[in-house]
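Enquirer: show me the folded form of this:
(chains A, B, C and D)
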Number of protein chains: 4
Amino acid sequence: MKFDIKIKWCGRVTFGLIFFAVTIWAGERREIAIPDIPGYITLKCDFHMHTVFSDGAVWPTLRVDEAWESGLDAIAITDHIEYQTHKEYGLTDCNAPNKIAKNLAEELGLILIQGGEITRGQPLMHGNAIFLDDVEALRVPDERDAYKKAHEQKAYVWWNHPGWRMPNEIPVWDSVHADYYQAGLIQGIEIVNEKAYYPLAYQWAIEKNLTILGNSDVHGPINELYDRDAGEHRPLTLVFAKKKNPGAIKEALIEHRSAVYHANTIFGREEFLRPMAEEIVQLAERKVKFFSDRNARMQIKNNSCLNLEVEPAKGDCPVKFNKTTIPSQSTGLISISGDLKKLADEKVTIPVLVDNFMIGPHDTLSIYLEIKLVDGKEK
Amino acid sequence: MKFDIKIKWCGRVTFGLIFFAVTIWAGERREIAIPDIPGYITLKCDFHMHTVFSDGAVWPTLRVDEAWESGLDAIAITDHIEYQTHKEYGLTDCNAPNKIAKNLAEELGLILIQGGEITRGQPLMHGNAIFLDDVEALRVPDERDAYKKAHEQKAYVWWNHPGWRMPNEIPVWDSVHADYYQAGLIQGIEIVNEKAYYPLAYQWAIEKNLTILGNSDVHGPINELYDRDAGEHRPLTLVFAKKKNPGAIKEALIEHRSAVYHANTIFGREEFLRPMAEEIVQLAERKVKFFSDRNARMQIKNNSCLNLEVEPAKGDCPVKFNKTTIPSQSTGLISISGDLKKLADEKVTIPVLVDNFMIGPHDTLSIYLEIKLVDGKEK
Amino acid sequence: MKFDIKIKWCGRVTFGLIFFAVTIWAGERREIAIPDIPGYITLKCDFHMHTVFSDGAVWPTLRVDEAWESGLDAIAITDHIEYQTHKEYGLTDCNAPNKIAKNLAEELGLILIQGGEITRGQPLMHGNAIFLDDVEALRVPDERDAYKKAHEQKAYVWWNHPGWRMPNEIPVWDSVHADYYQAGLIQGIEIVNEKAYYPLAYQWAIEKNLTILGNSDVHGPINELYDRDAGEHRPLTLVFAKKKNPGAIKEALIEHRSAVYHANTIFGREEFLRPMAEEIVQLAERKVKFFSDRNARMQIKNNSCLNLEVEPAKGDCPVKFNKTTIPSQSTGLISISGDLKKLADEKVTIPVLVDNFMIGPHDTLSIYLEIKLVDGKEK
Amino acid sequence: MKFDIKIKWCGRVTFGLIFFAVTIWAGERREIAIPDIPGYITLKCDFHMHTVFSDGAVWPTLRVDEAWESGLDAIAITDHIEYQTHKEYGLTDCNAPNKIAKNLAEELGLILIQGGEITRGQPLMHGNAIFLDDVEALRVPDERDAYKKAHEQKAYVWWNHPGWRMPNEIPVWDSVHADYYQAGLIQGIEIVNEKAYYPLAYQWAIEKNLTILGNSDVHGPINELYDRDAGEHRPLTLVFAKKKNPGAIKEALIEHRSAVYHANTIFGREEFLRPMAEEIVQLAERKVKFFSDRNARMQIKNNSCLNLEVEPAKGDCPVKFNKTTIPSQSTGLISISGDLKKLADEKVTIPVLVDNFMIGPHDTLSIYLEIKLVDGKEK
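Expert: Numbering: from 1, shown residues only, chains lettered A, B, ... in the order given. Model prediction:
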């Protein structure tokens, strides 16, 4: 019982309908607590998802509901252009999803970017093109032509899930990739897709200066794929944009201003991740009072949706502490030990490895916390 | 990335597909802890739901996933025959949902019953017909003819959400209902639909011997409509069947062997609810030891998915206790007070009102617990 | 295995201990999202709790752990002076809890205020005195003398749980209360204690200008009393203080600058609650775009730990909407209906009742939201 | 406000108390879904915990509340005999906890066994003795004498947390242990304590035929130590007893009939774990219908509190499947692939490694599932 019937019941009435605004299936929106960084807004984006118009199980408006509910700023619906499992029921128009969903997106203030997934064979397999005006124009026989058609529309294009269907999920950089890359046909690469992370793709992105992306590639309802109550979340492409609009997103993607949020971890360049981590990981109070000469506790605030994992970084550290988890949006207690009496009343610098920030496939970000130990017994 | 690609990559490969079994979006199944009753299996059923083939937002197979995951035994997909919001995209065939979903249902062991929603004007508005062979045959100009067409196929038919779109959601029994009822065109009535309960419909069901039904009428993903983590659940028609098969369900519906599970409450006839309640609400031990002459505690086990609410029933009770909640699948402590010393070593009968069982719109079921008080101090 | 043993195991060692800092049983701290108001810091306080030193079940340091973990700013441990169930084991010193807990409180940055509960007979029953230097000094034969002794120490004193043990939990204002009140022996009143709310006490507080308090009176572990995962929370006395220190708390209590947070509701004077509500309940965007001439949705942000309940306030409102719940820390969608075309491009003022704010026992706070409707179809 | 006041208020009343039964801080009990095995009841026990009578933070009755709530059958409170941090407040009597808690335990039907922790230096450090009549009798100067005193009372005695305070938490079997073991002074060993698992201790237990134990050693509230909502649980000693009484527990411990439940895993001898696993892991239906010649799904029911992890065991298996998690009390879908057409209508045996059952420090239990594949397309 989802639609409105004219209430003019005098004996027998004829059947009539007043159309509601588009139905919403979502409940309420929760923001994703990942902060902006100096100079940029951090937009939370998912640029890869499907509907009944290719091989998905949901109607396009639901993707808007889900994104609004999940706290996203921008999405692209990217149905397969060449792989459509509901042809028998007439669902083949790759421009339809955007047309169906755009009013709802505008009403809710969500940025909806038109896109499609170029779905061809190995070695390149799948690429996403977004900022398209006409997805159907990419339905051409030759794969390379499809990519060229995308660029004729000034699309932004990347290589999807590079390890998918490869032996052991390990991607291979073939001459085809080299060719497309040199021709500027591929501008970015998914280092995360659905629940898979491809460290080698991350490595290539750094070496070849490709923009990194992480997207859900969701086909069914998003909440069936990621169990929010178990702490799971869809992967996101974090776009560091000057403004919150489609043009600023495109500019940022072209200029490689992105990071990926996946499985409680943020992947990206140090220039973006360092200011973000310093905003998120903060001492509750610089002054740490001790009542035992060997042991004290420092309080670290976690202003984010991450469950932080902190541990001592390599290098000189005047105190010891163990690896500790600080859950999202809370303050953790880190037990520190050492000759506190000797260190008292001086500035003590503690190098901390924050395992949630990966500035390369093998490099974890370190930050520095400065505390001042104060003897609580001396009063 | 949901489909399978032939892995024969030697240089350039042609594109090829091996079809998987139908994709599943669900995770795992949790049974609904509502027990069988003597002589019957208690089947958990939802006979009213929609897909993209009328005004819903999901593909038919998803309804099977969701039902399997939720612990259901049987469902009917009942798209609107006359109200279809995706006509522009060719989605009008009311026989399609069943055709699309049936293999998956069979694979998972879920009973899928073909149905449709006859969607007309006031006063009858909407009726569901299930056990249909051809839903499209009901697409006729006259409303009464549509119901007749359903019965020609030996369908089971009922009046949906009787209070919907009525002033204050209060249903009215019009001459049209009287006519259809007397003609045998309507055999049951939804006393619960989505999140609404219609006590007046329950009253009519008792007076006119209509089968009671409670269904979700879900249009979007089921987990968007009911927040399982907040303890919400979809309403169910509980069918007391002799076997777990479609024929036994039809027989039970015709013979009025049903109850409705909604909002932590079970509605139905005392003959079904009493044995169910006695199975669910049990003393952990009949012997209750006391160490104070005025106070003791009895332990009541709740073997069900209900959060039980128990309170003293009217009538003589030798001990006092307060209204208490016993959460699902747990044992509660009920503090009792009275002259325990005097009652010791005798059989004490405690009449208990179980607020979760409604044997009429105004009647709550009472059961009797028998304890024996034992003085723990005397050893 | 909670203490530290000297690790010098060479053959047989003698037993030795290095004392740790006081053991912490708590995990991590979560702040309580209730904002400051202009001119004041909103301190979250619980001024009534027990330990093994009267009839509680926990050691005093645990009260500090629990309070820190729960996001509190200040607590008072107030063991019963006259009612002590563990005398047999020597636990009678009402100054001990503060002495035991103070270092840990200082280390964690929690304000710990020394107090005690004067535990006498009816009609006054129980009163709390805090900011005491010596709780034991109140252990005198006469009840009125005990209160006088408290004031000699410049304590702050109030009447606890006024309805407790009264028929139907309804408090009575006896001549004893009148006498103590007029003599200045009682300066405040608990309108909430543990899980009970006393509307009559709230009425008296307004009429007699008594400071309102709401406290947990916890005896066992706090997480056994309130189920955080079910959304329960301990009641708090919200103190509107100029600074975060004991003196500022005392000043605020004397000047009646308090509110009570209980069961998802804040009770207090409009002068404090209005700015708080206006900070918490905010439009996500003033501009509301509509795509149907009759229906639109406004987005309301809830920047607090409350699950907000909003509904139309009495008075002229150009649009209709239903009562809606906006969960904590999320943005809700409120469906509004009316002649939107006519209202477009004008300032529309919507009076909203926020059920979570009670400015008197029968008075709910109203706020006003200003939106501007914009026709999304006109482009 | 936890105690009862005589309600005879006529003017001024004298102060009077009617004692309640012992206060309960617990809510409700949830059973632990670990089944009995043929010939034995599986009792859920925690034989190591502390109170304010040594260095714990809670009153003894709370240990009974917590254990009842957690679904336990038996506990022992085992305060340190030699390490007591609340001596200043007179809390030194190691017989007191049992005396205080026994009536409540009896009322709730929980088995309470008197015990104490012999707390000496390295290398043996700490041992627990239970089934004691007088814990204080163990307060003797010599460590070996203390153990002998325990055995004079026919106690059951074991070595606690063998790796604690050792470099890298690795236990060492010293000549002292050899001596005590040969003298029969130590009959068992904790292979799990609090959150630590000692594989080497498990190895010794197998080699030396020591009874294995796993206990919480809890000092603060149990729910602060293990986050139930995050799926954590206290470790348990599972005792395979002929009856549910103290004597049967002692007999089982002496006869090495125990297992340990820790961190979602059960450790113990194959003779106990195999029948348990076969009871827990069951096919929902033996008949598996397939609709694709290469892919099908089998449904496995998990009748336990474990989150099962199943994967293919080594050895011949006619079908492939991936490692899969089946959450507690649910049915999982295991995707299997192979030449199903060829295997159809035959008995297919699938060897399954169940990672949750460790029959040795390096040995995981395998079970065998028998399915029959049926072609769903042939009808």
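Enquirer: give me the mean pLDDT for stretch A:103-113.
Expert: Taken as a whole, stretch A:103-113 has a mean pLDDT of 97.
Enquirer: so is that stretch next to chain B?
Expert: No: contact between stretch A:103-113 and chain B is absent, the nearest approach being 11.5 Å (criterion: C-beta under 8 Å from any C-beta of the partner chain). All C-beta atoms are positioned from the backbone trio N, CA, C, and that covers glycine.
Enquirer: quick check: buried residues in that stretch?
Expert: A:N103, A:L104, A:A105, A:E106, A:E107, A:L108, A:L110, A:I111, A:L112, A:I113 (16 or more other C-beta atoms under 10 Å in any protein chain shown).
Enquirer: check whether stretch A:317-328 comes near chain D.
Expert: No: using C-beta under 8 Å from any C-beta, stretch A:317-328 never reaches chain D; the gap is at least 9.4 Å.
Enquirer: which strand residues bridge A:L238?
Expert: Assessed by DSSP bridges, A:L238 has beta-bridge partners A:K44, A:A259.
Enquirer: how many residues are close by it?
Expert: As a burial measure, A:L238 scores 29 neighbours (other C-beta atoms under 10 Å in any protein chain shown).
Enquirer: and A:S335, by the same measure?
Expert: Neighbours of A:S335 (other C-beta under 10 Å): 16.
Enquirer: repeat that for A:T119.
Expert: Residues near A:T119, counting by other C-beta under 10 Å: 25.
Enquirer: pull up the gap between it and chain B, please.
Expert: To chain B, A:T119 is 8 Å away according to C-beta to the nearest C-beta, to the nearest Å.
Enquirer: separation between that residue and B:V354?
Expert: Look at A:T119 and B:V354: by C-beta to C-beta, to the nearest Å, they are 57 Å apart.
Enquirer: please apply the same query to A:T331.
Expert: 44 Å.
Enquirer: same thing with A:F131?
Expert: For A:F131, the distance to B:V354 - C-beta to C-beta - is 61 Å.
Enquirer: the two - which one has more neighbours?
Expert: Neighbour count, other C-beta under 10 Å: between A:F131 and B:V354, B:V354 has more, with 23 against 19.
Enquirer: pLDDT wise, what is that one at?
Expert: 98.
Enquirer: quick one, what contacts it?
Expert: Neighbouring residues of B:V354 by C-beta atoms under 8 Å, 6 or more residues apart in numbering or on different chains: B:A277, B:V281, B:L308, B:E309, B:V310, B:T364, B:L365, B:S366, B:I367.
Enquirer: buried among those residues? Make that a PyMOL selection.
Expert: To isolate the buried members of these in PyMOL, using 16+ other C-beta under 10 Å:
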select buried, chain B and resi 277+281+308+309+310+364+365+366+367
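Enquirer: nearest to B:T349, of the contacts of B:V354?
Expert: B:I367 (10.7 Å; C-beta to C-beta).
Enquirer: could you grab the helix/strand/coil label for the closest one?
Expert: strand (DSSP: H, G, I helix; E, B strand; the rest coil).
Enquirer: also A:N98?
Expert: For A:N98, the secondary structure call by three-state DSSP comes out as helix.
Enquirer: any idea which helix or strand carries the residue lying closest to it once chain neighbours are set aside?
Expert: In space, not counting the residues next to it along the chain, A:N98 is nearest to A:Q114; the distance is 4.3 Å by C-beta to C-beta, 6 or more residues apart in numbering or on different chains. Following DSSP states H and E, one finds A:Q114 within strand A:111-119.
Enquirer: list the contacts for A:E285?
Expert: A:E285 sits next to A:Q299, C:G109 when contact means C-beta under 8 Å, 6+ apart.
Enquirer: from A:I336, how far off is it?
Expert: For A:E285 relative to A:I336 (C-beta to C-beta), the value is 14 Å.
Enquirer: and the closest residue to chain D within the stretch 251-379 of chain A, how many residues sit next to it?
Expert: Minimum separation of the stretch 251-379 of chain A from chain D (C-beta to the nearest C-beta) falls at A:P327, amounting to 9.4 Å. Close neighbours of A:P327, defined as other C-beta under 10 Å, add up to 17.
Enquirer: before we move on, what about A:I34?
Expert: Around A:I34 there are 22 residues (other C-beta under 10 Å).
Enquirer: where in the stretch 201-350 of chain A is pLDDT low?
Expert: Counting by pLDDT under 70, the stretch 201-350 of chain A shows no low-confidence range.
Enquirer: tell me which stretches of it form strands.
Expert: Assigned by DSSP state E, counting those that start in this stretch, the stretch 201-350 of chain A shows strands spanning A:211-215, A:236-241, A:258-262, A:265-268, A:281-283, A:287-290, A:295-302, A:308-312, A:324-326, A:330-337, A:347-360.
Enquirer: quick revisit: what is the neighbour count of the residue nearest to A:N98?
Expert: 24.
Enquirer: how close does it get to chain C?
Expert: Here the criterion is C-beta to the nearest C-beta. By it, A:Q114 lies 17 Å from chain C.
Enquirer: contact partners for that residue?
Expert: A:A76, A:I77, A:N95, A:N98, A:I130, A:F131, A:L132, A:D133, A:V135.
Enquirer: before I go, just wanted to say thanks for your time.
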